[in-house]
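compute the structure for the input listed below.
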Amino acid sequence: MKKFALIPARYDSTRFPGKLMKVLGDKTVIRHTYENTAATQLFDEVFVATDSPVIYDEIVSHGGKAVMSKREHESGSDRIAEAIADMDVDIVLNVQGDEPFVKKEPLERLLQVFEGEAGKDVQVASLMRQFTDPEMVLEASNVKVVVDLNYNSLLFSRSPIPFPRDTNIDIPYYHHIGVYAFRKEALMRFTNWQITPLEAAEKIECLRYLEHGIPLKMVLVDAMGIGIDIPEDLERAKIKLSEEN
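Just a heads-up that it's a prediction; the model follows:
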C-alpha cells in the first residue's frame with residue numbers, strides 16, 4: 001500500500017489566529033509538525049496542504065513539500081482531498097498542523113489497523129488518549145470521544161461525554177487526537193457529502209462520517225504531545241519542549 005501524510009494548514013483560526021506560524025523553540029509550529037512527521041519515515045510522501053502563501057513559503061523554504069489549495073474549504077479533510085485527487089495513493093494520513101510533537105509509534109499503530117483481513121473493513125481510523133486531568137475534560141477545545149467494545153467510535157463532542165449519571169462507575173474519558181488515516185476512496189466520498197447537522201453544531205468534521213454510518217476505528221495511545229488550539233496550549237508546549245531539550 002502506498003501511504004502519504006498530508007498536513008492541512010489553514011492560517012486563520014477562530015480560537016488562535018496565526019497559531020501555525022507561532023514560534024516554538026527555534027521553529028514555527030507548522031515546521032515542527034512537518035519535520036517530525038517526515039522523520040518517522042513511515043510515508044512515501046509528506047505534504048503540507050495550505051491556503052496560505054506564508055505557510056507554503058515556510059515549508060518550501062526549509063526543504064519541505066507543500067501544495068496550495070485552489071478553493072476555500074470547510075475542513076482539513078476537504079483540503080486534503082483536493083490535494084490528493086490526482087495522486088496515486090492508497091492510505092492518506094492526516095496530521096493536524098497544530099500537533100508539533102508528532103511521534104512515530106502512534107502513527108505506525110494507526111496505519112497498522114488497515115492491514116490484514118480485519119483491516120479490509122476499516123475505512124477511517126484515528127487516535128485517542130485517556131484524560132488524566134479532570135479539568136481538561138471540561139474544556140470545549142478538547143474533543144471527547146466515546147467508543148464501543150471494539151474501539152469503534154460512537155460519538156465525538158466538545159461536551160464531557162459520557163455523562164456520569166452513576167458516579168459509582170469508573171468510566172474513562174478519551175481525548176480525540178486530531179490525527180486521522182483514510183482510505184483514499186473514503187476521503188473522496190467525504191468531500192461529496194454536505195456538512196451534516198452534528199458536524200455543523202460541534203465544529204468536529206469527523207462527525208460527518210458517523211452521520212453517514214461510517215465509524216472511525218480508534219487507536220488508544222499513551223500520548224501525542226500537546227495540540228496547539230489556544231494560546232495557553234502554546235505556553236504548555238514551550239514548557240514541554242524545554243523539558244525534552
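
remind me which residues of the chain are low pLDDT?
224 (pLDDT under 70).

how about the helices of it, start to end?
Shown for the chain, the helices assigned by DSSP state H span residues 29-39, 53-60, 76-84, 104-112, 116-119, 134-138, 184-192, 197-202, 207-211, 231-244.

wait, which of these is closest to residue 47?
In terms of Cβ to Cβ, the element of the helices of the chain nearest to residue 47 is helix 76-84, at 6.5 Å. For the C-beta atoms, the positions are set from N, CA and C on the backbone; glycine is no exception.

tell me the helices and strands packed up against that closest one.
If you count contacts as 3 or more Cβ pairs under 8 Å, 6 or more residues apart in numbering; DSSP states H and E, helix 76-84 packs onto strand 3-9, strand 45-50, strand 91-95, helix 184-192.

buried sites along stretch 169-183?
Buried residues in stretch 169-183, counted by 16 or more other Cβ atoms under 10 Å: 173, 174, 175, 176, 177, 178, 179, 180, 181, 182, 183.

about what we covered before: can you say which of the helices of the chain is nearest to residue 96?
Of the helices of the chain, nearest to residue 96 by Cβ to Cβ is helix 76-84, at 6.8 Å.

what's the angle from the closest one to helix 184-192?
Interaxial angle, helix 76-84 versus helix 184-192 (axes from the mean of the first three to the mean of the last three Cα atoms, to 10 degrees): 120 degrees.

what residues does helix 76-84 touch?
By Cβ atoms under 8 Å, 6 or more residues apart in numbering, the residues outside helix 76-84 that reach it are 4, 6, 8, 10, 47, 49-51, 67, 69-71, 73, 92, 94, 96, 180, 182, 184, 187-188, 190-191, 205-206.

angle of it against strand 3-9?
120 degrees.

could I get helix 76-84 in PDB with only the CA atoms?
Provided in PDB are the C-alpha atoms of helix 76-84 (Å, rounded to 0.1, in the frame of the first residue of the first chain):
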ATOM      1  CA  GLY A  76      -9.000  19.900   6.800                       C
ATOM      2  CA  SER A  77     -10.200  16.700   5.200                       C
ATOM      3  CA  ASP A  78     -11.700  18.600   2.300                       C
ATOM      4  CA  ARG A  79      -8.400  20.400   1.800                       C
ATOM      5  CA  ILE A  80      -6.500  17.100   1.800                       C
ATOM      6  CA  ALA A  81      -9.000  15.500  -0.700                       C
ATOM      7  CA  GLU A  82      -8.400  18.300  -3.200                       C
ATOM      8  CA  ALA A  83      -4.600  17.900  -2.800                       C
ATOM      9  CA  ILE A  84      -4.600  14.100  -3.400                       C
END
